[in-house]
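# One predicted model, sequence on top.
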Amino acid sequence: MRFLILLFLAAAPAIAADFHGFERLDFERDGRKCILVKPRQVAAGKPWIWRARFFGHEPQTDVALLNAGWHVAYVDVAGLFGSPRAVAIWNNFYRHLTAEQGFHPRPALEGMSRGGLIIYNWAKQNPDKVSCIYADAPVCDINSWPGGKGTGKASQKAWSQCLAEYGLDETAARTAKVNPIDGLEALARARVPLLHVVGEADGVVPVGENTNILESRYRKLGGPIQVIRKPGVDHHPHSLNPPDPIVEFILRNRRDVLIVLAGDSTVTDKAGWGAAFAGRFQQNAKVVNLAAGGRSSKSFRSEGIWRHAVDLRPDYLIIQFGHNDCPGKGPERETNPATDFPANLQRFVEEARAVGAQPILVSPMTRRRFVNGSIESILTPYAEAARSVAKKTGTPLIDLHPRSVDLFNSLGDTRGAELNPPGDRTHFNAKGAEVITDLILKDLRIEVPKLAAHLAPAK
């Protein structure tokens, strides 16, 4: 009873019911109908799937997640077509469940048909608050449905309501950027995984006007998306039976911990240690790599990449710069290791903490540059600056620079070359990325044991 009083404080009284053998609570918030279904045994972290529209239709995915300890939540925004009013209602409901009731900060989103409008429009404004999106025959463009401006069937009543809700006429609606297919950049930067399940013969929400466009745009942005196509199937039936691929996708993409990497090419997935590092974590820990080749502690900010990193509000923000801060890189990138470089690092630390992230500094790994048989590193002053900022700000430090110097001194030039691409003395091949990751994890286990707890068991 105490749980109910806390949960529905300042809301209409809850009515208990049954949902496939699970306790269902019906109530109102913001004048909208809400539903919460409780698992018999709550999974650690209180994960939940957030259903949009048509609650209870094709419930097999929801039931499977309830059996796995997840809650199922719903707030009715019918007639709002994913508009700013609908997003505001979802924002309030999200705050209620997370801030007041301790639910997981990153729910999975589930939207069937017109439910695709709200799950995408909310997620695009809140990419840091989403673990993954499951969209089933989703509306991705209001001009397709309810507008019927393509090959699909129009719903004139719904179209009139939709236009009124957005304050558009038919001409303005053609170019208005209010659809799931628009503005996907924030979701792609956050690497939010998408799953669409569609009937290829859908005559209501044609795949070519909706999912295919969204899929193409998301892939071009580098976002992860999977589409399950059902040959010969119309708009109905939704879902899959059994729903195993959908459930596996949702469970696999639960984001208990979000880690963002900020750095230069030596941290990227293709030329650095980023992909190898990400591969060492369990599935519930997600790594988003925003490192970019050629960037310094100065240009990473001036080009706006740092803003993207903090906007994701990660749990951990791992920061490594130095290579492109060195002399000879040009005024847009160069920094002085005694002045503006440590100032840049300190500012990164402060701004990470301001959004609730735990910053972790990494001193730059050395280049494979030998003089008289030993590594001579021009990055030593930048490593010393990282060490000084870490001490001054109480920030965990992965001191990769001296570890990498010791590594290459022990290997020598010839054997050390086995860790780099041919002719490259700075970046890593797959073997080198794994070796450098080993060095990083040695310090990580000591400096940040809470994060290290999410590492996958050694094979």
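Perfect, I can see it now. Numbers count the residues shown, from 1 in each chain.
# Verify the stated contact: Ser377 with Phe370.
No: using C-beta atoms under 8 Å as the test, Ser377 is too far from Phe370 to be in contact (10.5 Å). Quick note: C-beta positions are derived from backbone N, CA and C, even for glycine.
# Run a quick neighbour tally on Cys103.
Cys isn't right for residue 103; it's Phe. By the criterion of other C-beta atoms under 10 Å, Phe103 has 21 neighbours.
# That one: what's it in contact with?
46, 48, 71, 73, 97 (C-beta atoms under 8 Å, 6 or more residues apart in numbering).
# Can you tell me the closest non-neighbouring residue to the second one?
What that stands for is Trp48. Closest residue in space to Trp48, ignoring its immediate chain neighbours: His71 at 4.0 Å, by C-beta to C-beta, 6 or more residues apart in numbering.
# The last one now?
What sits nearest to Leu97 in space, not counting adjacent residues and going by C-beta to C-beta, 6+ apart, is Phe103, at 4.2 Å.
# What separation do you get for the one you found and Gln358?
21 Å (C-beta to C-beta, to the nearest Å).
# returning to that earlier point: between Ser377 and Phe370, which is the more surrounded one?
Ser377 (22 against 15).
# wait, is that one part of a strand?
No: the assignment for Ser377 (DSSP: H, G, I helix; E, B strand; the rest coil) gives coil, which keeps it out of a strand.
# Okay, strands next: where are they in the stretch 201-350 of the chain?
Along the stretch 201-350 of the chain, the segments classed as strands by DSSP state E, counting those that start in this stretch run 225-230, 257-263, 285-289, 316-320.
# Just say which of those is most tucked in.
strand 316-320 (a mean of 27; mean count of other C-beta atoms under 10 Å).
# helices or strands next to it in the packing?
strand 257-263, helix 340-354, strand 358-362 (3 or more C-beta pairs under 8 Å, 6 or more residues apart in numbering; DSSP states H and E).
# Which residues does the longest one contact?
So the one you mean is helix 340-354. By C-beta under 8 Å, 6+ apart, helix 340-354 touches 262, 297-298, 301, 306, 310, 317, 319, 321-322, 325, 335, 358-359, 361, 382, 385-386, 388-389, 392-393, 395.
# circling back: need the helices and strands packed on strand 316-320 in CSV (columns: distance to Pro146 and mean pLDDT).
Shown next, in CSV, are the helices and strands packed on strand 316-320 (distance: least, C-beta to C-beta, whole Å; pLDDT from 0 to 100):
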stretch, distance to Pro146, mean pLDDT
strand 257-263, 36, 97
helix 340-354, 42, 98
strand 358-362, 45, 98
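# Quick one: the ones you listed as a markdown table, columns for distance to Ile225 too.
Below are the helices and strands packed on strand 316-320 laid out as a markdown table (distance: least, C-beta to C-beta, whole Å):
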| stretch | distance to Ile225 |
| --- | --- |
| strand 257-263 | 19 |
| helix 340-354 | 29 |
| strand 358-362 | 30 |
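# Figure out which of these is closest to Asp169.
Across these, Asp169 has its closest neighbour in strand 257-263 (40.8 Å, C-beta to C-beta).
# how's this protein carved up into domains?
For the chain, the domain assignment from automatic domain parsing gives the residue ranges 2-252, 257-452.
# and Ala458, which of these is closest to it?
Using C-beta to C-beta, the domains of the chain put domain 257-452 closest to Ala458, at 9.0 Å.
# Kindly check the end-to-end length of that closest one for me.
Chord length of domain 257-452, first to last residue, is 11 Å (C-alpha to C-alpha, to the nearest Å).
# who's in contact with the closest residue to Ala433 other than its chain neighbours?
Sequence neighbours aside, Ala276 is the residue nearest to Ala433 in space, at 3.8 Å (criterion: C-beta to C-beta, 6+ apart). By C-beta under 8 Å, 6+ apart, the residues touching Ala276 are 430, 433-434, 436-437.
# Then Ala154?
Taking C-beta under 8 Å, 6+ apart, we find Ala154 in contact with 145-148.
# Nearest to Lys220 among these?
Trp145 (23.8 Å).
# The closest one: neighbouring residues, count only.
The number of residues packed near Trp145 is 30, by other C-beta under 10 Å.
# got it, and the one 5 residues further on?
Neighbours of Gly150 under the rule other C-beta under 10 Å: 14.
# Distance of it relative to Glu170?
14 Å.
# Gly208 now?
Taken as C-beta to C-beta, the span from Gly208 to Glu170 is 21 Å.
# do the same with Gln282
Taken as C-beta to C-beta, the span from Gln282 to Glu170 is 50 Å.
# again, but for Arg189
In this view, Arg189 and Glu170 are 33 Å apart by C-beta to C-beta.
# so where is the chain shaky, pLDDT-wise?
Confidence mapping of the chain against pLDDT under 70 gives the ranges 1-13.
# distance from the centroid: which residue in it tops it?
Asn372 (46.6 Å; C-alpha atoms, centre = their mean).
# Phi and psi next, for that residue.
Dihedral pair for Asn372: phi 50, psi 40, per degrees, to the nearest 10.
# before we move on, what about Ala201?
Per degrees, to the nearest 10, the backbone of Ala201 is at phi -100, psi 20.
# which parts of stretch 117-135 are buried?
117-124, 126-135 (16 or more other C-beta atoms under 10 Å).
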